[in-house]
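Engineer: generate coordinates for the sequence data below:
(chains A and B)
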There are 2 protein chains.
Amino acid sequence: MISLLPLPGLPEIKPGDDLAGLIAAACQSAEIPLVDGDVLVVTQKIVSKAENRLVPIDPTVGHKPLVEQESVRILRRRGDLIISETKHGFVCANAGIDLSNVAEGQAALLPVDSDRSARRIQAALEHKHGVKVAVIVSDTFGRPWRRGVTDVAIGSAGLRPVVDLRGTNDALGRELQVTEVAVVDEIAAAAELVMGKAEAIPVAIVRGVDPSWFGEGNVHEDLVRRPDEDLFR
Amino acid sequence: MISLLPLPGLPEIKPGDDLAGLIAAACQSAEIPLVDGDVLVVTQKIVSKAENRLVPIDPTVGHKPLVEQESVRILRRRGDLIISETKHGFVCANAGIDLSNVAEGQAALLPVDSDRSARRIQAALEHKHGVKVAVIVSDTFGRPWRRGVTDVAIGSAGLRPVVDLRGTNDALGRELQVTEVAVVDEIAAAAELVMGKAEAIPVAIVRGVDPSWFGEGNVHEDLVRRPDEDLFR
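Structural biologist: As a prediction, the model looks like this:
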């Protein structure tokens, strides 16, 4: 069994805030203290705010120049929508730039290195608060072919992002086909189910994840598909 | 809080089996009786087996002719891999044809109409077993740009597949940008976290889902993007 626990009570996050400390305090207040083996899912928005990735938007030109500045390759344009590959290798709308839940006239860029952001939160929780958790930084992306957005992992620490079950026998003893499961994306999606969009719950605790998924790895190296192995770029 | 509960104890599914009855019995045996408001996630594989979507594979030509027969449009080919649009409008590898966990020399095609499959299970649970649940039929798809597979919904009953939060105010009182969340895909992904691939857990119960997400809708009409609104086809 896995439990998805929304974490209430976090204050509005400001540049320079100690996210790990605020999260640990909110967990205490909410009487859901973190335990070893928990996975903490933290939305990009508060990571970007804590890391002061807020930039002003020039009202005369809008956010488009920012999108182009944050992109290394434009894949598609339609009206105001730009689908591009960001500097980090993510393919998403508007280079992941966030205009909601930030002050008017501002935008939140993606963290410079969201795996590092996850590692920092993880390390602080371990060394200052004595708890060994994994951390995922999540963001909300659209996808081709299917309507609606889902949350995915843009950074992680302490988990193997893709768990390779190839070669494991299936229930009939036959070797399984490709089943490299992107567990960090599934955990990010699961966490979103308890966050809500308008209720300002930017952190969820995922408790009960298979211990064998814990280990080395990060989103940038293990989950982002290289252009040369990608059929849709 | 949401709980993800794997359902153990289902027998090997055979053509003609009453899935709703077997699931209700397994819930009783496992002492996790279904309650109103649960979401039941059922993998495509056992739905296809119960609906006798098993077909023989001609060993001289392999599964490729089947893939072409089940496709309406081929998007990409690389080696043995075909990415195509199925008759149902899904874009996925090998037309969703499943070679694992079926007998040697056989393949499992997708259900003819997996929304109908979900509705049947839902209706049987309501009328024969007295419990009002929603049902998702899930399958494992790859995706462009990111490595690894994740589970998505290929059929649903009793849920609004995409929950539209556009126009809801964000925490700062500003109108939110696009946030049509594909909740059935997120629930399918969440359920996969407790299913495992090799342990033959083909059903999970997702308990605690926001009651406002229950309602009319299905994957085919609400989640599958039409070719004319799609930038990647």
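Engineer: tell me what the lowest-mean-pLDDT helix or strand in chain A is packed against?
Structural biologist: Using mean pLDDT, DSSP states H and E, strand A:163-164 stands out as the lowest-scoring helix or strand of chain A, at a mean of 86. When contacts are defined as 3 or more C-beta pairs under 8 Å, 6 or more residues apart in numbering or on different chains; DSSP states H and E, strand A:163-164 packs onto strand A:180-181. The C-beta positions use only the backbone N, C-alpha and C, and glycine is treated the same way.
Engineer: how far away from the center of its chain is the strand it packs on?
Structural biologist: 18 Å (C-alpha atoms, centre = their mean, to the nearest Å).
Engineer: that strand vs chain B: in contact?
Structural biologist: Yes. Strand A:180-181 reaches chain B (C-beta under 8 Å from any C-beta of the partner chain) through A:180-181.
Engineer: on contacts alone, who are the packing partners of the helix or strand just after that strand?
Structural biologist: Using DSSP states H and E, the helix or strand that follows strand A:180-181 in sequence is helix A:183-192. Contacts defined by 3+ C-beta pairs under 8 Å, 6+ apart place helix A:183-192 against strand A:2-6, strand A:39-43, strand A:134-141, strand A:150-157, strand A:203-207, strand B:150-157, helix B:183-192.
Engineer: try it again at 6 Å.
Structural biologist: Judged by 3 or more C-beta pairs under 6 Å, 6 or more residues apart in numbering or on different chains; DSSP states H and E, helix A:183-192 is in contact with strand A:39-43, strand A:134-141, strand A:150-157, strand A:203-207, helix B:183-192.
Engineer: out of the ones you listed, the one nearest A:Ile2 is which?
Structural biologist: strand A:203-207 (6.4 Å; C-beta to C-beta).
Engineer: could you see whether chain B lies near the next helix or strand after the closest one?
Structural biologist: Per DSSP H and E, strand A:203-207 leads on to helix A:219-222 as the next helix or strand towards the C-terminus. No. Helix A:219-222 stays clear of chain B (C-beta under 6 Å from any C-beta of the partner chain), getting no nearer than 7.0 Å.
Engineer: centroid residue for chain A?
Structural biologist: Computing the C-alpha centroid of chain A and ranking residues by C-alpha atoms, centre = their mean puts A:Ser138 first, at 1.7 Å.
Engineer: do you know how far that residue is from A:Val209?
Structural biologist: Counting by C-beta to C-beta, to the nearest Å, the gap from A:Ser138 to A:Val209 is 15 Å.
Engineer: kindly report the same for A:Lys14.
Structural biologist: From A:Lys14 to A:Val209 the distance is 31 Å (C-beta to C-beta).
Engineer: which of those two has more neighbours?
Structural biologist: A:Val209 (20 against 11; other C-beta atoms under 10 Å in any protein chain shown).
Engineer: these two touch, right, the more buried one and A:Leu40?
Structural biologist: No. The criterion here is C-beta atoms under 6 Å, and A:Val209 misses it with A:Leu40 at 11.0 Å.
Engineer: tell me the secondary structure at A:Ile13.
Structural biologist: Classification of A:Ile13 by DSSP: H, G, I helix; E, B strand; the rest coil places it in coil.
Engineer: A:Pro56 - how many residues pack around it?
Structural biologist: 10.
Engineer: what bridges to it?
Structural biologist: A:Gln106 (DSSP bridges).
Engineer: before we move on, the earlier item: distance to A:Asn94 and mean pLDDT added to the helices and strands packed on helix A:183-192, as JSON lines?
Structural biologist: JSON lines is the format used below for those (distance: least, C-beta to C-beta, whole Å; pLDDT from 0 to 100):
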{"stretch": "strand A:39-43", "distance to A:Asn94": "17", "mean pLDDT": "98"}
{"stretch": "strand A:134-141", "distance to A:Asn94": "11", "mean pLDDT": "96"}
{"stretch": "strand A:150-157", "distance to A:Asn94": "14", "mean pLDDT": "98"}
{"stretch": "strand A:203-207", "distance to A:Asn94": "24", "mean pLDDT": "98"}
{"stretch": "helix B:183-192", "distance to A:Asn94": "21", "mean pLDDT": "98"}
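Engineer: can you redo the ones you listed as CSV with distance to B:Gly130?
Structural biologist: Formatted as CSV, those follow (distance: least, C-beta to C-beta, whole Å):
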stretch, distance to B:Gly130
strand A:39-43, 36
strand A:134-141, 38
strand A:150-157, 33
strand A:203-207, 31
helix B:183-192, 23
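Engineer: so which of these comes closest to A:Val72?
Structural biologist: Nearest of the helices and strands packed on helix A:183-192 (C-beta to C-beta): strand A:150-157, 15.7 Å.
Engineer: is that closest one in proximity to chain B?
Structural biologist: Yes. Judged by C-beta under 6 Å from any C-beta, strand A:150-157 comes into contact with chain B through A:Thr150.
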